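S.K.: what's the 3D shape of this:
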Amino acid sequence: MQQFKSNNYSNILNDNIEFESGTIQLIDHLGGFDSNNRNLILDQLNNKNIKNKIETMYMSAGLKHEYPTLDISFSADLQNNNNLKHFTKYNIHPRNDFNNFICSFNGSDHVSRKLLVSILEKFGYYSPEYCSKNFTYSTGVLDGHISDYLPDQTRLYRKFFISADSEDFFQTTNSFGHVQYAHHKNIYNLENKLTESFLHIVSETMATSYVPFVTEKFLYSIVTRGLFLSYAQPGWHAHLEKYYGFKLYTKLFDYGFDSIQNPVERLVALLTMVSKYRTLTKDDWRDLYLMEHDAIEYNYDHYFSNRYLTHLKQYE
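M.R.: Numbers count the residues shown, from 1 in each chain. The predicted structure follows:
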């Protein structure tokens, strides 16, 4: 069995690599998918006419359609061991008491994270006490990202992300002692920020990709009994509900943004949708939170009972 992780996918792209017999396990995000649902790693394997069984952490139905000659399957255990099981021993959290509107945690400097922290700042939702940003960038770089996705509407959409004094914010970092991949430790650094915030905007891995990929990030809210929405790939929330069995918070949130393909438009729609809650009082936030009590408790139990894993395994 050969395992390839996100930090060594370049090996697969090397034309001289030789694959052993047996299963090939592709761990993590594979570098994402383009708007045609194509992926560089799978393209390379396809071009090499690989006959090995290939296990991924992506649901395989769409991949089999795009790559009919590859023997691709989804592995629930691969996904669980690498992404989902990190919080199984965390079962006591602080009381949910809302002093803040939004929290969001942004580690690496992916395009989607630059977009997310920029719009949070522009909307006035970025609080250094509750939002992290472990990278810097320039106004020109961000302007380029917006232009890449909306070349004909850059001037319009940059208004949601960039202001006259944005450069100062873009050039600062703000960290909470984040330890990459140490989620069982990071939860203790973040638990108070999560339970004191009305909403967690999950900064999912590679939100500019076009195929849903679920990581552990939403579980920070599940295990602290919090509300969350993810800036993720199109269809991510519907995917989480169908394949993982978690409930969405449909009494409070309109998930129409989830079906928007363009990542910049999707992010603007997400933040615009939640803006109606910004000016409410702490008591109002508490009342709204209680409206989703049943779904919150269901998701908490769904995770700690391991029902999510049983749910996943039926799609292997």
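S.K.: Surely Gln25 is in contact with Phe19?
M.R.: No - the pair Gln25 / Phe19 is not scored as a contact, 11.9 Å apart, by C-beta atoms under 8 Å. Backbone N, C-alpha and C define where each C-beta goes, glycine included.
S.K.: Of those two, which one has the most company?
M.R.: A direct count of neighbours by other C-beta atoms under 10 Å for Gln25 and Phe19 places Gln25 higher, at 18 against 14.
S.K.: can you pull the pLDDT of that one?
M.R.: Gln25 is assigned a pLDDT of 94 by the prediction.
S.K.: for the one 4 residues further on, same thing?
M.R.: We have a pLDDT of 93 for His29.
S.K.: Can you tell me the SS state at Asp242?
M.R.: Just to correct that, residue 242 is Lys rather than Asp. helix (DSSP: H, G, I helix; E, B strand; the rest coil).
S.K.: From Gln314, how far out is it?
M.R.: According to C-beta to C-beta, to the nearest Å, Lys242 stands 11 Å off from Gln314.
S.K.: Can you point out the buried residues in stretch 156-172?
M.R.: Buried residues in stretch 156-172, defined by neighbour count with 16 or more other C-beta atoms under 10 Å: 157-158, 160-162, 166, 169-170.
S.K.: related to what we said a few turns ago, mutual contacts of Gln25 and Phe19, please.
M.R.: Residues touching both Gln25 and Phe19 (C-beta atoms under 8 Å, 6 or more residues apart in numbering) are Gln2.
S.K.: Pull the distance from the helix or strand containing Leu290 to the chain's centre.
M.R.: According to DSSP states H and E, Leu290 maps onto helix 282-291. Distance of helix 282-291 from the chain centroid (C-alpha atoms, centre = their mean, to the nearest Å) equals 25 Å.
S.K.: now stretch 263-278
M.R.: 16 Å.
S.K.: what does stretch 58-71 give?
M.R.: So, by C-alpha atoms, centre = their mean, the centroid of stretch 58-71 is 22 Å from its chain's centroid.
S.K.: what about that stretch, start to end distance?
M.R.: 13 Å (C-alpha to C-alpha, to the nearest Å).
S.K.: How about stretch 152-160?
M.R.: Termini of stretch 152-160 sit 15 Å apart (C-alpha to C-alpha).
S.K.: avg pLDDT for that stretch?
M.R.: 97.
S.K.: and what of stretch 99-115?
M.R.: Mean predicted lDDT for stretch 99-115 stands at 96.
S.K.: Report the buried residues of that stretch.
M.R.: So stretch 99-115, judged by 16+ other C-beta under 10 Å, has buried residues 100-107, 110-115.
S.K.: do stretch 264-282 as well
M.R.: Quick answer for stretch 264-282 (16+ other C-beta under 10 Å): 264, 266-271, 274, 277.
S.K.: ok, Ile54 to Pro68 distance?
M.R.: 13 Å.
S.K.: Mind checking which of those two has more residues around it?
M.R.: In terms of neighbours (other C-beta under 10 Å), Ile54 is the more surrounded of Ile54 and Pro68; the figures are 21 against 9.
S.K.: pull the helix or strand with minimum mean pLDDT from this structure.
M.R.: helix 10-13 (a mean of 82; mean pLDDT, DSSP states H and E).
S.K.: Please give the centre-to-centre distance between that one and its chain.
M.R.: 24 Å.
S.K.: my guess is Leu84 meets Leu309, correct?
M.R.: Yes - using C-beta under 8 Å, Leu84 is in contact with Leu309, at 7.5 Å.
S.K.: Looking at these two, which has the bigger crowd around it?
M.R.: Leu84 (23 against 18).
S.K.: With adjacent residues omitted, what lies nearest to that one?
M.R.: Glu216 (6.0 Å; C-beta to C-beta, 6 or more residues apart in numbering).
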